[in-house]
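**Student:** model this:
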Amino acid sequence: MLKINSFKKWRALGIAIFLLLGGLFGFSYLTFIPAQSFAAEVSTPIGESRTLSDIETMQEMSGAICYNSAENETKQLKDTRDNKLYWVTKLKDGNCWMTQNLDYDIKAGDFSGAVTTKTGNINSGWSNTQTEVQSWDPGNYYYVMDTAWTNCGSSGVANMGACAKWTTSAPAAEGQHYHVGNYYSWNAATAGTGGSITSGQASASICPTNWKLPTSNNTGSFRGLKNAYSITGSNVNDKIRQTPLYFIPAGAVDTSGLGSAGSHGYYWTSTPYSNDPNAYYLTFYSGNLYPSDYFIRRYYGFSVRCLAEADAPETPGILVDSPNVAITVNSTITIDATSGMDEEADFSKVTTGTISATISANQAYSVLLSTQKTALTDSAVDDQQIDMITADKALAVGVSEWGIKKKLSAAGTNPVLGSTDDADVYSPVGTGDEKVLFYQSANPEQAKTIDFSVGVGVSVTLAPGSYATDVTVTAAIV
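**Tutor:** This is a model prediction of the structure:
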């Protein structure tokens, strides 16, 4: 709110007491007009109402779409970068997750810096440079559920074909969640933005547009899943690998090749570890799950799962929608408040005046008043020497105090806080951050003027001078 104060002096005869014409009740002006938005050839309504079931591509996902979707709502979406398909589910933590591993093949030019993409055997050539952007595409292999968590060799396996519990035969729909996908170094998973950072989060990821890497540490995304599904050591075997999560123990790649496939799962997060060139990741194996592990260097190749965080959609205002144009009109309210005291102060009577507020709004609104004891800039004004009354009452002649009369609406309805038509009864106003409701509309109104009667009493003992109090008039959409 922009507040502008203006003052007029007025003077009492006889004892030369000075009060402020209107200064006692300031000048306040508020305008709130959010920017309007226009769009050409809009085919979906402004104010997102779609869910996961209504979209076809990964890139269409938004926080609002995820928010609108029901828990366990599932859809297979296409990544428009390479037209590969991924199962996506709204999980119990409230977010939408890929429920199969990312399989995107990084290409030169995807982001700045050198890129190393390997296919086939991986028994040599994987770098141990911490900032290397490297990935491995092992081919189209799928995990076969294994209650024994069989390890595909202790370390240094050259390819997935050496693993007995992995198959190249494309399973039925549900089994496609178990596609092994690609392996990425941490700097590849973070789209080259991880580098050597030791705090915060990586600023980008290899995920499709509108998706991100999970976060880690005490309140991270993986911990949120663990808590939402009550995963413990005793049930990790069933809950982490089966519906609706479908995480798989795809192992990891290092300079010696593929290790721990079938026995351990590793998934990168966007969170760096602060002290060493490590990063946080999710790891699990039979009877154990750690959502915030960090004991492996960033050059290791891990699996990647992406998520889209739910975000409540904005509520639109007045909406006009057609195949060609759409417009949103947001809440609008303006207020112009002025004040004036036309009589001279007189200790033998209560001096009266008004505050007038003219308001236009396209929704129902309320008007609130408050005072602020701030130093006044007029050197002729002694700050805050006339106290405001503390309860609804008739002002006493010869007593230094002031108040504002509460009003009914123009039609005699909407009484507010014990409103009265008694001309001699005045009420206190809120102070500081406390605002008192003095009027509430039932409908939108244009150029509605509301008058508040002001009463001031002064004592013959009041020292000569000028006195003022700022009164702020505030309007707000209900």
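
**Student:** Quick one: low-confidence residue ranges for this protein.
**Tutor:** Within the chain, the stretches with pLDDT under 70 are 1-47, 154, 218, 314-331, 340-344, 372-385, 406-423.

**Student:** tell me the helices in it, going along the chain?
**Tutor:** Along the chain, counting by DSSP state H, helices occupy 63-68, 186-189, 221-228, 236-239.

**Student:** distance between the second one and the chain's centre?
**Tutor:** Distance of helix 186-189 from the chain centroid (C-alpha atoms, centre = their mean, to the nearest Å) equals 27 Å.

**Student:** And the contacts of that helix?
**Tutor:** The contact list for helix 186-189 (C-beta atoms under 8 Å, 6 or more residues apart in numbering) reads 106, 115, 130-135, 193-195, 205-206, 213, 268, 270, 279, 298-300, 302, 304. (Each C-beta comes from the backbone N, C-alpha and C, glycine too.)

**Student:** Ok, the third one next?
**Tutor:** The set of residues external to helix 221-228 that reach it, using C-beta under 8 Å, 6+ apart, is 91-93, 95, 97, 214-217, 231, 245, 267, 269, 282, 289, 291-292, 307.

**Student:** ok, now the last one?
**Tutor:** Where contact means C-beta under 8 Å, 6+ apart, the residues beyond helix 236-239 that reach it are Thr147, Trp149, Tyr229, Ile231, Leu245, Phe284, Ser286, Gly287, Asn288, Leu289.

**Student:** Going by neighbour count, which of the residues you listed comes out on top?
**Tutor:** Greatest neighbour count in the contacts of helix 236-239, by other C-beta atoms under 10 Å, goes to Phe284: 26 neighbours.

**Student:** Might you report the residue contacts of it?
**Tutor:** Per C-beta under 8 Å, 6+ apart, neighbours of Phe284: Val236, Ile240, Phe247, Pro249, His264, Gly265, Tyr290.

**Student:** One more: Gly161?
**Tutor:** Applying C-beta under 8 Å, 6+ apart, the residues near Gly161 are Tyr141, Thr168.

**Student:** Look up how far Gly251 lies from Pro138.
**Tutor:** Counting by C-beta to C-beta, to the nearest Å, the gap from Pro138 to Gly251 is 10 Å.

**Student:** Counting neighbours, what do you get for Tyr299?
**Tutor:** Number of residues near Tyr299 (other C-beta under 10 Å) recorded here: 21.

**Student:** That one and Gln134: what is the separation?
**Tutor:** For Tyr299, the distance to Gln134 - C-beta to C-beta - is 8 Å.

**Student:** between the two, what contacts are shared?
**Tutor:** Trp126, Ser127, Ser185.

**Student:** Show me which of the residues you listed are buried.
**Tutor:** Applying 16 or more other C-beta atoms under 10 Å to these, the neighbour count classes Trp126, Ser185 as buried.

**Student:** From the shared contacts of Tyr299 and Gln134, pick the one nearest Gly403.
**Tutor:** Nearest to Gly403 out of those is Ser185 (C-beta to C-beta; 72.0 Å).

**Student:** Okay, the nearest residue to that closest one once chain neighbours are set aside and Ser127: tell me how far apart.
**Tutor:** Sequence neighbours aside, Gln134 is the residue nearest to Ser185 in space, at 4.8 Å (criterion: C-beta to C-beta, 6 or more residues apart in numbering). Gln134 sits at a distance of 6 Å from Ser127 (criterion: C-beta to C-beta).

**Student:** In space, what's closest to the spatially most central residue of the chain - neighbours in sequence excluded?
**Tutor:** Closest to where the C-alpha atoms of the chain average out (C-alpha atoms, centre = their mean) is Asp311, at 7.1 Å. Leaving aside its sequence neighbours, Asp311 sits nearest to Gly63 (C-beta to C-beta, 6+ apart; 2.7 Å).

**Student:** That neighbour: neighbour count?
**Tutor:** Other residues near Gly63 come to 17 when the count uses other C-beta under 10 Å.

**Student:** which residues does it contact?
**Tutor:** Residues near Gly63 by C-beta under 8 Å, 6+ apart: Ala308, Glu309, Ala310, Asp311, Ala312, Pro313.

**Student:** Assess the claim that the second one and Pro214 are in contact.
**Tutor:** Same thing as Glu309. No - Glu309 is beyond contact range of Pro214, at 9.9 Å (criterion: C-beta atoms under 8 Å).

**Student:** Give me the more crowded residue out of these two.
**Tutor:** A direct count of neighbours by other C-beta under 10 Å for Glu309 and Pro214 places Pro214 higher, at 28 against 16.

**Student:** can you tell me which residues contact that one?
**Tutor:** Per C-beta under 8 Å, 6+ apart, neighbours of Pro214: Gly220, Ser221, Phe222, Tyr267, Thr269, Ser270, Leu282, Arg305, Cys306, Leu307.

**Student:** again with Ile65
**Tutor:** So Ile65 contacts Glu48, Arg50, Thr51, Leu52, Asp54, Ile55, Cys96, Ala308 (C-beta under 8 Å, 6+ apart).
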